[in-house]
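A.B. asks: Sequence and computational prediction follow.
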Amino acid sequence: MKVDYFCDKIITELKRDIEMVTIKKIEIKDYFGKGDFEWVLDPVVNILGGKNGSGKSTLFKLCYLMLAQKVIDDSIDEGFKKLFKLATVTLSNGWTLTWNHPKRESAVELHTGQFGAMVGSAITTETAFIADETGKRRNFNDLHKLINVKMINSFEQHISSAMQYVEQPKSMPLDDPTMLDLMIYDQINLRNRIFTSKMEEFVEVEDESKRHAYIETYKQIYTSLSHFLKGYGPVKSTFSFKKNGQEFGYEHLSMGEKQILLLLLMVGNTNQEPCIFFMDEPDLSMHIDWKEILVTELHEMNPNMQIILSTPAPSVITGWHDRVKEVDQLIKK
């Protein structure tokens with residue numbers, strides 16, 4: 001269902017108050033020993049191509065962890081120190097996040113007394129630090145007030161994520177769920193919680209126009225699903241499907257269909273709020289027709305989202321060829 005002119009106007013007015021901070025540039029020193037990597041990003045859509053083994057997934061993981069973690073810990077250091085020497089992520093507001101390995105030594109001035117007289121200096125080591133546009137040090141809490149970062153790679157989950165799903169209640173309405181089924185289940189529950197919370201907000205402020213606009217954008221996932229899952233009847237709010245007269249749950253979809261359902265749910269759950277979304281080869285297991293429309297569909301679901309997507313086949317993505325960069329093009333040897 002298309003958002004009508006009235007709703008579209010309301011949404012546009014709402015977005016004027018949103019300050020969207022995006023990634024402006026990613027720099028990696030000694031990228032897999034091949035040279036220095038530098039990628040200047042578009043604020044809307046970015047597509048990174050490259051052969052299998054070119055380091056796309058590892059690059060995405062490092063950048064995501066740098067931006068999403070509360071600290072840069074030893075596990076991150078150990079995982080990446082043999083692959084990169086230095087990584088810097090520059091944001092559109094001028095802030096920078098830098099990760100070093102080996103740890104960077106820096107001189108820190110020591111002050112004391114009422115007037116802050118300098119009494120000496122000390123050498124400290126640090127793995128990562130955040131600086132604002134003036135060079136002032138910031139912390140991760142400051143960073144996370146500015147940006148909301150997400151990542152999807154449903155084919156490779158960390159053990160901690162797997163344990164989370166193992167501990168799920170056994171009463172879930174799935175016979176023999178896969179990891180992908182459980183991730184979808186979580187996103188459906190999140191979608192329901194967001195919807196309930198938003199409806200309560202609109203009741204409190206008695207803003208019927210915003211409520212109506214929100215409901216229309218909330219329905220966009222069903223329109224997008226119909227563009228991918230052709231041949232199915234109308235999708236129910238529980239994400240059960242109907243085909244050839246038979247109704248069944250999402251757990252009986254093919255892996256490629258589940259993959260697109262999960263991706264659309266995750267993007268839908270951003271609620272059209274500003275975010276940075278790393279998508280590591282989300283087009284795997286997808287038919288070429290789906291790959292052609294994928295980026296456009298995701299962008300339409302949330303125009304306030306910076307998409308950073310990797311794929312081994314960027315040539316099949318329609319309409320965004322000017323946003324494609326190959327890994328080899330970005331390495332200075």
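C.D. replies: Received the coordinates, thanks. Numbering: from 1, shown residues only.

A.B. asks: Now do the contacts for the nearest residue to Ile47 once chain neighbours are set aside.
C.D. replies: Residue nearest to Ile47 in three dimensions, not counting chain neighbours: Val324, with 4.5 Å by CB to CB, 6 or more residues apart in numbering. For the C-beta atoms, the positions are set from N, CA and C on the backbone; glycine is no exception. Contacts for Val324 (CB atoms under 8 Å, 6 or more residues apart in numbering) come out as Ile47, Leu48, Gly49, Pro314, Ile317.

A.B. asks: 7 Å - rerun?
C.D. replies: Contacts for Val324 were tallied using CB atoms under 7 Å, 6 or more residues apart in numbering; they are Ile47, Gly49, Pro314.

A.B. asks: for Thr311, same thing?
C.D. replies: Ile47, Gly49, Glu281, Asp283, Ile317.

A.B. asks: Which residue ranges of the stretch 151-300 of the chain form strands?
C.D. replies: 240-243, 246-249, 275-280 (DSSP state E, counting those that start in this stretch).

A.B. asks: buried residues in the longest one?
C.D. replies: Which is strand 275-280. By neighbour count on 16 or more other CB atoms under 10 Å, the buried set for strand 275-280 is Cys275, Ile276, Phe277, Phe278, Met279, Asp280.

A.B. asks: what does stretch 297-309 give?
C.D. replies: Glu297, Leu298, His299, Met301, Asn302, Asn304, Met305, Gln306, Ile307, Ile308, Leu309.

A.B. asks: hey, what's Leu97 bridged with?
C.D. replies: Here Leu97 sits in beta bridges with Val89, Ile130, as judged by DSSP bridges.

A.B. asks: Ala131 is in contact with that one, correct?
C.D. replies: No - the criterion here is CB atoms under 7 Å, and Leu97 misses it with Ala131 at 8.2 Å.

A.B. asks: More neighbours: these two, which one.
C.D. replies: Legend: neighbour count by other CB atoms under 10 Å for Leu97 and Ala131, higher for Leu97 (21 against 14).

A.B. asks: which residues touch the more buried one?
C.D. replies: By CB under 7 Å, 6+ apart, the contact set of Leu97 is Met66, Leu67, Val89, Ala128, Ile130.

A.B. asks: Asp42 versus that one, what's the distance?
C.D. replies: 19 Å (CB to CB, to the nearest Å).
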